[in-house]
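Colleague: Next one to model:
(2 chains)
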Amino acid sequence: MMRLLMTFLLLLLANTAQAHKPSDSYLILKIDGANVQGQWDIALRDLDFAIGLDGNGNGEITWGELRARHDAIAAYALPRLKILTEGELCPSHATANLVDNHSDGAYAVLRFVAECAKPLTNMELNYSLLFDVDPQHKGLLRLEYKGTTSTAIFSPGKANQKFDLSEITLLRQFLDYAKEGVWHIWIGFDHILFLLSLLLPAVLYRSKKHWEAVASFKPALIDVLKIVTAFTLAHSITLTLATLGVVTLPTRLVESAIAASVVLSALNNVFPMFEGRRWMVAFAFGLVHGFGFASVLADLGLPQDALLLALVGFNLGVEGGQLAIVSAFLPIAYYLRGTMFYRRVVLFAGSILIMLLASVWLVERVFVIKLLGF
Amino acid sequence: MCVHIKLFAHLFLISLLIQGSIVSSSPFIPTADSEVLEHLPFKASDPTTRELRSLRQELSANPLDLDKAITLAKRYYQLALADGDPRFIGYAQAALGPWWEQTEPPVAVMVQRATLRQYSHDFDRALVDLKLAIKLEPYNGTAWSLLAAISMVQADYVTARQDCEKLQGLASSLIVIACEATVDSLSGNALQAYNTLQKTYTASVSMPPREKLWVLTRLAEISDRLGHVDEADSYFQKALKLNIPDAYLLAVYAEFLLDENRNAHVVELLKEKERSDILLMRLALAEKALNLPKAKEHEAVIKARFDAARMRGDKLHIQDESRFNLYFLNNTKEALRLAQENWRGQHEPSDARMLLEAALAAKDKAAAQPALDWLNQSHIEDRHFQKLVKRIQELKS
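Modeller: Modelled structure (predicted):
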C-alpha cells in the first residue's frame, strides 16, 4: 500500500522533474589514408558509473584520480567503438588523454588512432559505449574525410552505421558546395530583390518620361543578359578575392552596403537615374554582393585541400540559382509588359515595397538591431 | 517541397549543432593532480551508493530476477525524481533490459516501463502499456494511479476523476483522497481540495515524511493559486524543513518567489543547484532581475544545454525553452512557437501560463485562445491567470 502511494505521489511530482542534460559522448573521427584519428569526449560521471574513477570515494574526481584510470578508460572505451573497413576490424590504441568542460560538466578526452590494413573507401562503425548500463545514452559523431564533414547519432537502436566514403569524394564535395550556392541565392532575399529590381524595367523602355512596353523579345533579352552578366562577373571577382584572402571587408559594412544597393536599385525604378546603364549598377554593386557570398562560403567551412573546388562549385551554384530565377521572371514579365498592372503594381508598387523592406534591413544592419522576424 | 526544405533546414541545423558543439571544445591537461574536475552526486560511502551497487551486482549475477530488476528500477526512478537527472532513468531502463523490447512483458514490467516512459513525456506509449496492464490485472492500483496522473497532465479531468474512483478499495483512503483532491484543485474546486488536504494533514500526525512533503507541496501550490501568499510561503517552508531532496519542490517554490519579486531569496535557495536545468533557469531569472553578473554566464550555459538537447533529438524542455526565448533572448516569435508546441503535448497550469505569457509578448490574441478555452473549461482558480487574461483581452484582435 505504501509503495502504491509512493508511486502515485511521486508521479504527480514528476512532470517538471526532467532537469539535467542526459548522457552524451562526443566523437570526432578524421580519416587519413589508412588511419583513423579519433577524439572521444566521455563524461566523467558516466565513466565513474561504468568503471569507477573516484579512487578515495569522497565524491570528487581529481586529475590525479582520473590520470590513474587512463589505461582503464582506454581499455573500457576503445573496444566499444569498433571501426571496420570491408569487414575487417581496425585495431585502435590511445595516444593522449586530456580533459574538457562541456555545458554539463567535465569530460575525459581520449585521443586514439585506429590503423586499418589499407586506405579506407568505406567504414562501418559499431558503437556500444554505455548502452548496457544506460540505454538513454547517445554518441554524437562528427566524421571528417578529405575536407568534408558529416555527422551521425548513435543510440541503442542505431548502434551500427555504415559510411560510404567514396560518396564523399571530390565530385560529391563539389556538388555539396554547388547546392549550398543555389540554396543561398534561394534564401538570400536581398540578392534576389536586388537583381529583380534591376530586371523589372527590362521589358519596358522610357519615352518622354513614361514607360512603354518593348516591341519584341530581343531588346528585353539583351538588357537582361547585360545585367546578369555584369552582376555575375562582379560578384565572382570579389567572391574569389575574398575567399583567397586577398581582400577582406567587415561583415557589417558589406551587409549594410548590400541592403543599400537594394534600396537604390528599387528607387531607380521609381525615379529613373541610370536609364540604360543599369548593367553598370549591377556591376558596381555586384562587387559588394560578392563579399556577402564570400562570408557565407567562409561560414560553411572551407576545405584547405580543395579550396578552388569549393569556390567554383559554390559560385556555379549561385549562378544556377540566379539563372533559374531569371528564366522564371523573364517570360512572365514579357507577357505582362503591356499591362497597367505591370507598370503600376509590379514595377511601381513593387519597387516601393522592396525599397521599404530594404530600408528596414539597412537600419537593422547598420545598427545591428532586429526589426523584422526574418 | 516545403516539407523537404524544412527537413533539410532541420537536418542542416542539427548537423551544424553537432559540428559546433564539438568544434567549440578546447581540451586541456590540468596542471595539478589535486585539481578537482567533477563532483559526483554521491560519495562512495553514501548508503544509497552502497545499496544500489549491491543491488546491481546481484542483478548482474542473475539478470532475469524480476523482483530485483523491478526494485532496482524503482530505486533509480526515485533518484531521478529527487534531483532530476535523466541518467537514472537510463539506469532504471537498463535494469528492465531483458524485458524492455517485449510487447507483452510481465505486468509489473509493463507498469514500470510506463512510469519511465511518462517521465520522458512519451505519454502515448505509456498509455498503451497501462491499458494492457489493467486489462490483464483490473485491480492493479499502481496502473490506475498512473493513468490518473497522465490524464491530469493532459487536462482530461473527467477521465482523471474516473481513474481516481477506480482506486477505491485498491488503495488506502488517503490515496483516493489525494487523487481526487488533486483533480479538484485543478478543476474548479480548489477550496474544497484545500480543506480536504488540510484536514488530512492535521489528522495524520504519523504520516511518513515523503507523504508530508507531497501534501505540503500541494497545499502550498493551492494556497498560492488562491492568493493566500503568506500561507503558501509557510507551507513551502515546512516542506523544505523536511530536508528531503526534491527538485519539484525547489522549482515551484522558486517560481513562487519569482512571482513575489523575492529574487534574492531565489538566489539563496538555488545557488548550489546549477546542475539542474530547470533550477538553473529559475536561478538565472532571479539573477537577471537583480542585475547580477552571474546571469550572463548562466544564460550561456542554459543556451549550450538547449543546443545539446536539440542535437540529440530531445524535446523535454520545450516549456523552458520558450521561457528562455522570451525572457533571455527577447525572441517573442520563437517563444510563442515553442509555447504552442509545448501546449500540444501537455495541458498543465504552467503550460497554459507559458502560452499566455508568450502570446501576450507577441501581441497575438488568437494564439492565446487554446489556453483561454482551457481556463474556461477547467474552471481552474489561479490568481496568476487573472491578470494575464485581462491583459490579453485588452489586446486588439
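
Colleague: nearest residue to the spatially most central residue of chain A other than its sequence neighbours?
Modeller: Relative to the mean C-alpha position of chain A, the nearest C-alpha, by CA atoms, centre = their mean, is the one of A:L300, at 4.9 Å. Residue nearest to A:L300 in three dimensions, not counting chain neighbours: A:E180, with 5.8 Å by CB to CB, 6 or more residues apart in numbering or on different chains. In short, each C-beta sits where N, CA and C put it, glycine included.

Colleague: give the contact list for the one you found.
Modeller: Neighbouring residues of A:E180 by CB atoms under 8 Å, 6 or more residues apart in numbering or on different chains: A:V296, A:L297, A:L300, A:F314, A:G317.

Colleague: hmm, try it at 7 Å
Modeller: A:L300, A:F314, A:G317 (CB atoms under 7 Å, 6 or more residues apart in numbering or on different chains).

Colleague: Excluding residues flanking it in the chain, which one is nearest the last one?
Modeller: In this case it means A:G317. Leaving aside its sequence neighbours, A:G317 sits nearest to A:G181 (CB to CB, 6+ apart; 2.1 Å).

Colleague: Let me see the contact set for that neighbour.
Modeller: The neighbourhood of A:G181, defined by CB under 7 Å, 6+ apart, consists of A:G313, A:F314, A:N315, A:L316, A:G317, A:V318, A:G321.

Colleague: Of these, which is the most crowded?
Modeller: The member of the contacts of A:G181 surrounded by the most neighbours (other CB atoms under 10 Å in any protein chain shown) is A:V318, with 29 neighbours in all.

Colleague: That residue and A:G292 touch, don't they?
Modeller: No - taking contacts as CB atoms under 7 Å, A:V318 lies outside contact range of A:G292: 10.5 Å.

Colleague: thought A:Q322 was touching A:I185?
Modeller: Yes - counting by CB under 7 Å, A:Q322 sits close enough to A:I185 to count as a contact (5.6 Å).

Colleague: From the contacts of A:E180, pick the one nearest chain B.
Modeller: For chain B, the nearest member of those is A:L300. The distance, counting by CB to the nearest CB, is 9.7 Å.

Colleague: Show the pLDDT at the closest one.
Modeller: For A:L300, the model assigns a pLDDT of 71.

Colleague: so how far is A:Q322 from it?
Modeller: The gap separating A:L300 from A:Q322 is 18 Å, by CB to CB, to the nearest Å.

Colleague: Also B:I177?
Modeller: If you measure B:I177 against A:Q322 using CB to CB, the figure is 71 Å.

Colleague: who in the stretch 151-300 of chain B is up against chain A?
Modeller: Counting by CB under 7 Å from any CB of the partner chain, the residues of the stretch 151-300 of chain B close to chain A are B:153, B:171-172, B:174-175, B:178-179, B:182, B:210-211, B:214, B:247-248, B:251, B:275-279.

Colleague: helices and strands of chain B: which one has the lowest mean pLDDT?
Modeller: Sorting the helices and strands of chain B by mean pLDDT, DSSP states H and E puts helix B:2-23 at the bottom, at a mean of 43.

Colleague: If you tally nearby residues, what's the number for B:L146?
Modeller: B:L146 - counted by other CB under 10 Å - has 26 other residues nearby.

Colleague: check contacts around residue 350.
Modeller: Using chain A. Neighbouring residues of A:G350 by CB under 7 Å, 6+ apart: A:L200.

Colleague: meant chain B actually
Modeller: Contacts for B:S350 (CB under 7 Å, 6+ apart) come out as B:Q319.

Colleague: excluding its backbone neighbours, what's nearest B:D364?
Modeller: Spatially, and ignoring its direct neighbours in sequence, B:D364 is nearest to B:L336 (6.3 Å; CB to CB, 6+ apart).

Colleague: Just say helix, strand or coil for the one you found.
Modeller: helix (DSSP: H, G, I helix; E, B strand; the rest coil).

Colleague: got a pLDDT number for residue 190?
Modeller: As the question left the chain open, I've gone with chain A. Note on A:D190: pLDDT of 85.

Colleague: that's the wrong chain, I meant chain B
Modeller: According to the model's per-residue confidence, B:A190 sits at a pLDDT of 87.

Colleague: Just the pLDDT for the residue nearest to B:D364.
Modeller: Residue-level confidence at B:L336 comes out at 95, pLDDT.
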